[in-house]
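> let's see this in three dimensions:
(2 chains)
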2 protein chains.
Amino acid sequence: MNPYIRNVEYAVRGKLAIRSDQIREDLEAGVGEFPFKTVVNCNIGNPQQLNQKPITFFRQVASLCENPELLSEDKAHLVSQLYPADAIARAKKLLAMIGPSIGAYSHSQGVPGIRQTVARFLEERDGHPADPSTIYLTQGASSGVQTLLTLLTQNDKTGILIPIPQYPLYSATLSLVGATPVPYYLDEESGWSLDIDNLKTIVREARDQGVDVRALVIINPGNPTGQCLDSDNMRDILTFCHEQRLVLLADEVYQTNIYEPECRPFISFKKAMMEHPNKKIAQQLELVSFHSISKGMIGECGRRGGYFELCNFDYKVEEQIYKMASVSLCPNVHGQILVDLMCGPPRQGDPSYESYHAEVREIYESLRRRSKKLEKAFNSMEGVTCQPALGSMYLFPRIRLPEKAIAKAKQLGMAPDAFYCHEMLEATGVCVVPGSGFGQEHGTWHFRSTFLPPEHLFDDFCSNLQRFHDNFLKENS
Amino acid sequence: MNPYIRNVEYAVRGKLAIRSDQIREDLEAGVGEFPFKTVVNCNIGNPQQLNQKPITFFRQVASLCENPELLSEDKAHLVSQLYPADAIARAKKLLAMIGPSIGAYSHSQGVPGIRQTVARFLEERDGHPADPSTIYLTQGASSGVQTLLTLLTQNDKTGILIPIPQYPLYSATLSLVGATPVPYYLDEESGWSLDIDNLKTIVREARDQGVDVRALVIINPGNPTGQCLDSDNMRDILTFCHEQRLVLLADEVYQTNIYEPECRPFISFKKAMMEHPNKKIAQQLELVSFHSISKGMIGECGRRGGYFELCNFDYKVEEQIYKMASVSLCPNVHGQILVDLMCGPPRQGDPSYESYHAEVREIYESLRRRSKKLEKAFNSMEGVTCQPALGSMYLFPRIRLPEKAIAKAKQLGMAPDAFYCHEMLEATGVCVVPGSGFGQEHGTWHFRSTFLPPEHLFDDFCSNLQRFHDNFLKENS
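Presented below is the predicted three-dimensional model:
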């Protein structure tokens, strides 16, 4: 068997998540006894699994594309009672762009008209031109990241800078392609900030050891850490990448999950690059930005849709990326349709404009409230400290565990944070991911939890966790 | 850059296909002069691009799953005028199986209830038990093949037996993962048959050269060659794999594209394995069978859906396959829904039963007529011979080219068949794939064409090709 696969680790759907599936099956079958009635999966940013409603307009358009019979003249009198006029118009426009049917393979890079929608969205967001020919639609951001990391890997000496803590897609993919992860640590005390001097040292040391460091991965807003970079820090990162000839891989899938937009708005790396005081950087730096329909207020995880934009890539490299995309034929067209809708939502004056914005605002405000509530709950627990989530869907509290718990974990052959999370699952039905799944400063313990449980159950959710924590400390002191 | 990527070749969407896209754009923009009005893409099995109608019932169910508001009580009086009762019932059943929303990530292996539908389908098809826990839903068969080939590759000495001619997904993926393709030739004269003695020699020779031959790929019905294996041949193949300890990778995506079912029906390798006279083979042979929603009479290529079934795999290997699936989170749920419908179509007595079967039969009969027509057209051309398509969506005629054409091709740095196909595209707008994209016996030239152009245009399509061929010979004699 492939030895690289054996090394792959992906804790987000690892042992604990598999155990949570078993418990759910047992609960449904009425087998076994558990001190709770339902399993709550906070191990993964999967909003609709926890009953977040999909955006009505998006689903209306998608369902019309699916069944174009509804768009025929003789059905119009019925369909107009079920669908607003702008959903019908948008579906017709999309079908015209896609070609005869959404059931056909599209262009391997994605439907050209949809890439134009993405380019217009980027131009409006950043105030700088975007070229549809450098945009690649993907089956979720994950598949784009996998493509780029595969491309950048020449051999096992190829090094990729990844943050610690990190989203384990990165370490898993580097294991799979046999590249060398070059970890850099984010500083928890200063809100998971990124220190450029530290990065410079790490690159120098890695290169001294013969590692060919080629790219820097930044997740902004952070996953699992929830920080959001400021413009000064971004400028320095761009200077650093340019000086060190690094490709910058910017995972920006949480760009609309921003909870303190006044003091810390989201700035794209594309915008920061285009406006960098060193003009050469805008012209030369190789930047890839990833985005997804799975996050934000949309949460359409099940469709697997997203895109990446390439900036300043040589056309010969672009040809190779196209070739790789073509071997998989095309990203699924249903995901592409949602990318089009995400990047081109209803405009002022459209019949669905008000309701679209009301839905988005409601989800946003609720996420923000829940993030604050959970942060407060964590910080109220004994021995727990938690940085606020400026962005993303996660909190990553630090837990200080008593000696007895650490010894018990050792006996069970588990990391202490894995033991803590395991006990949490068995006691409360809440599934989170141990910090060891993301990497953490040696000797510290954390876990990642989403704040996605529905709002009407959220107080109970928080107090369950608090009660569990108190009991855990009592039992292990 | 990754050197393996540079080696990847994928002719189905290669240079000619890219050129055909350019011509289409030029035609739409009214730029340039061409001796035809439309581009006809016969380079890829993409039926709905060439106006094959999707199956009505499937799209009805899918559109209801997409917009569950249509299933609410207060809309029932309108929706019942647009949808048959069994489509409504099926959508409700699917949504209950999938969970709160099709917008959530599913189980990484696919929705458990959908895997049960697949298992029941396999049991009915083969008359042998199937276990949902060994079924993996995928984003098209391609992604399943990529997963398995990645898994089987230990290092660059790992050898995988692939047919020549082959579907280039196999060679492209082997290039990407750095494994060694071990080609075995199909015999054109005897209808692209597979000779076991030849296979034995090839494995022995490869192993003598230090290649660790681990698996045999069989595409049945054949792509690009259209043959369909008989039960004697399959029994011998199974014996051979068992003796040589090879994993059998059975690409069975064309299992319903069978055009002479009386004399050469499709038999699955699972059935052949379960009924093999050597009982050990049913218990021990590691078999993977791939299937897809993109082919057959369904042709839902754009959704990217499919599955594979594992037989006799060690659970430790299954764990690794699950882990790989989990890094990509899940196959898109829209593709999964179509897999459920493909494997569980309307049953006798259901309101949609008659219309579903009428649609399937019409597409089938038409494909069969077109395959015969195109085969006849090819065989009527000077210097062209073409085996009949017993299955799949392709013909793979052999063309004998005059010296002058071969010399011209050489001058242009092209393979002679690539030159022929290039001239065909420029003269007729028909895009096919040169035989060199699939591999062929040294010194022979072929191309692959689908027979998917719509039936009312099919006579024109055939006579265009005949006219081109005559002119090509005239110009190059």
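> tell me the helix or strand right after whatever helix or strand A:Lys271 lives in.
Counting by DSSP states H and E, the element that carries A:Lys271 is helix A:269-274. Sequence order places helix A:279-284 as the next helix or strand after helix A:269-274, per DSSP H and E.
> quick check: mean pLDDT of the next helix or strand after that next one?
Counting by DSSP H and E, the element after helix A:279-284 in chain order, helix or strand, is strand A:287-292. Across strand A:287-292, pLDDT averages out at 98.
> just give me how far the helix holding A:Lys271 sits from the chain centre.
20 Å (C-alpha atoms, centre = their mean, to the nearest Å).
> now do stretch A:119-129
21 Å.
> what does stretch A:6-21 give?
17 Å.
> how about it: buried residues?
For stretch A:6-21, the neighbour count (16 or more other C-beta atoms under 10 Å in any protein chain shown) marks A:Val8, A:Tyr10, A:Ala11, A:Val12, A:Arg13, A:Gly14, A:Leu16, A:Ala17, A:Ser20, A:Asp21 as buried. Quick note: C-beta positions are derived from backbone N, CA and C, even for glycine.
> if we look at it, which residues are touching it?
For stretch A:6-21, the surrounding residues in contact (C-beta atoms under 8 Å, 6 or more residues apart in numbering or on different chains) are A:39, A:41, A:43-44, A:167-169, A:171-172, A:175-176, A:418, A:421-422, A:425, A:429, A:431-434, A:436-438, B:107-108, B:320, B:323-324, B:326-327, B:329.
> now, which of the residues you listed lie within strands?
A:Asn41, A:Cys431, A:Val433, A:Pro434 (DSSP state E).
> mean confidence for stretch A:247-263?
Mean predicted confidence for stretch A:247-263 is 96.
> what sits against A:Val79?
A:Leu70, A:Leu71, A:Ile88, B:Leu82.
> ok, so of these, who is nearest A:Met393?
Of all the contacts of A:Val79, A:Ile88 has the smallest distance to A:Met393: 32.9 Å, by C-beta to C-beta.
> quick one, phi/psi of the closest one?
Backbone geometry at A:Ile88, expressed as degrees, to the nearest 10, gives phi -60, psi -40.
> correct me if wrong: it contacts A:Ser80.
Yes - between A:Ile88 and A:Ser80 there is a contact at 7.4 Å, judged by C-beta atoms under 8 Å.
> neighbour count for those two, which is higher?
Set A:Ile88 next to A:Ser80 and count neighbours by other C-beta atoms under 10 Å in any protein chain shown: A:Ile88 wins out with 20 against 11.
> hmm, what's the outermost residue in chain A?
In chain A, A:Asp74 marks the outermost C-alpha relative to the chain mean, sitting 43.2 Å out by C-alpha atoms, centre = their mean.
> looking at this, A:Lys37 is in a strand?
No - applying DSSP: H, G, I helix; E, B strand; the rest coil, one finds A:Lys37 to be coil, outside a strand.
> that one: what's it in contact with?
Counting by C-beta under 8 Å, 6+ apart, A:Lys37 has contacts A:Leu27, A:Gly429.
> cool, and A:Thr225?
With C-beta under 8 Å, 6+ apart, A:Thr225 has these contacts: A:Pro163, A:Pro165, A:Leu186, A:Glu188, A:Trp192, A:Gln387, A:Ser392, A:Tyr394, A:Phe396.
> how much space separates it from chain B?
20 Å (C-beta to the nearest C-beta, to the nearest Å).
> nearest spatial neighbour of that residue, chain-adjacent residues omitted?
In this structure, A:Thr225 finds its nearest non-sequential neighbour in A:Trp192, 4.0 Å apart by C-beta to C-beta, 6 or more residues apart in numbering or on different chains.
> so that neighbour versus A:His469, what's the distance?
For A:Trp192, the distance to A:His469 equals 22 Å [C-beta to C-beta, to the nearest Å].
> do A:Glu243 as well
Distance, A:Glu243 to A:His469, by C-beta to C-beta: 45 Å.
> between those two, point out the one with more neighbours.
When A:Glu243 and A:His469 are compared for neighbours, A:His469 comes out ahead with 23 against 12, by other C-beta under 10 Å.
> can you tell me, leaving aside adjacent residues, what's nearest to the more buried one?
A:Met381 (4.7 Å).
> let's verify A:Ser449: helix, strand, or coil?
Note that with three-state DSSP, the state of A:Ser449 is strand.
> just give me the neighbour total for it.
So A:Ser449, with other C-beta under 10 Å, has 26 neighbours.
> can you give me the strands for chain A?
A:40-41, A:135-138, A:158-164, A:180-185, A:212-219, A:247-251, A:287-292, A:306-311, A:384-385, A:394-395, A:398-399, A:430-431, A:433-434, A:445-450.
> tell me which of the ones you listed sits nearest to B:Gly32.
Set against B:Gly32 and scored by C-beta to C-beta, the strands of chain A come closest in strand A:135-138, at 25.9 Å.
> is the closest one up against chain B anywhere?
No - on the criterion C-beta under 8 Å from any C-beta of the partner chain, strand A:135-138 is out of touch with chain B, staying 11.1 Å away.
> show residues contacting that strand.
For strand A:135-138, the external contacting residues (C-beta under 8 Å, 6+ apart) are A:109-111, A:114-115, A:118-119, A:144, A:147, A:305-310, A:321, A:325, A:331, A:335-336, A:339.
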